Every structure is written in C-alpha cells, then in structure tokens.
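Colleague: would you be able to build a 3D model of this:
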Amino acid sequence: MGLLNIIRRMALREKLPLREIARRTGMSRNTIKKYLNAGTIEP
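Modeller: Residues are numbered from 1 along each chain as shown. Below is the predicted model:
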C-alpha cells in the first residue's frame, strides 16, 4: 500500500490531525498537507 493511501486513510477515516500523521509517518506537516490537497489517488 502506498504512503499516499496511508496518509489519506489516517486523515479521512481515522480523523487524525496533521501533527499526529506527521509524527507517525516521520514526514513534515507541510508535505502531508500538500499530499492531501493534491487530491490524486494512487491506482
């Protein structure tokens, strides 16, 4: 499963805040925000 799908699942299904997603994935909040705003879905 791609990282983008994991981030989207955490944000949309689990309703986690960006800070918690950043802590769990080790990515910056800005990167996560960019991924969520892009709206692209991996096949």
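
Colleague: from here on, contacts and neighbour counts on C-alpha atoms
Modeller: Fine.

Colleague: below-threshold pLDDT in the chain: ranges please.
Modeller: The chain contains residues with pLDDT under 70 at 1, 41-43.

Colleague: show me the residue at the heart of it, geometrically.
Modeller: I7 (2.6 Å; CA atoms, centre = their mean).

Colleague: how is that residue assigned, secondary-structure-wise?
Modeller: What DSSP: H, G, I helix; E, B strand; the rest coil gives for I7 is helix.

Colleague: my guess is it contacts I32, does it?
Modeller: Yes. Between I7 and I32 there is a contact at 7.3 Å, judged by CA atoms under 8 Å.

Colleague: so what sits against both of these two?
Modeller: Shared contacts of I7 and I32, defined by CA atoms under 8 Å, 6 or more residues apart in numbering, comprise I21.

Colleague: would you map the helices across this structure?
Modeller: 3-12, 18-25, 29-38 (DSSP state H).

Colleague: just the buried positions in the first one, please.
Modeller: Think helix 3-12. By neighbour count on 16 or more other CA atoms under 10 Å, the buried set for helix 3-12 is N5, I7, R8, M10, A11.

Colleague: now the shortest one
Modeller: For helix 18-25, a neighbour-count test (16+ other CA under 10 Å) marks L18, I21, A22 as buried.

Colleague: of the residues you listed, closest to S28?
Modeller: Using CA to CA, A22 is the member of those that lies nearest S28, at 5.6 Å.

Colleague: pull the contacting residues for that closest one.
Modeller: S28, R29, I32.

Colleague: try 10 Å
Modeller: Counting by CA atoms under 10 Å, 6 or more residues apart in numbering, A22 touches I7, L16, S28, R29, N30, T31, I32, K33.

Colleague: and those residues as JSON lines, adding distance to T40?
Modeller: Shown next, in JSON lines, are the contacts of A22 (distance: CA to CA, whole Å):
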{"residue": "I7", "distance to T40": "12"}
{"residue": "L16", "distance to T40": "19"}
{"residue": "S28", "distance to T40": "19"}
{"residue": "R29", "distance to T40": "18"}
{"residue": "N30", "distance to T40": "17"}
{"residue": "T31", "distance to T40": "14"}
{"residue": "I32", "distance to T40": "13"}
{"residue": "K33", "distance to T40": "13"}
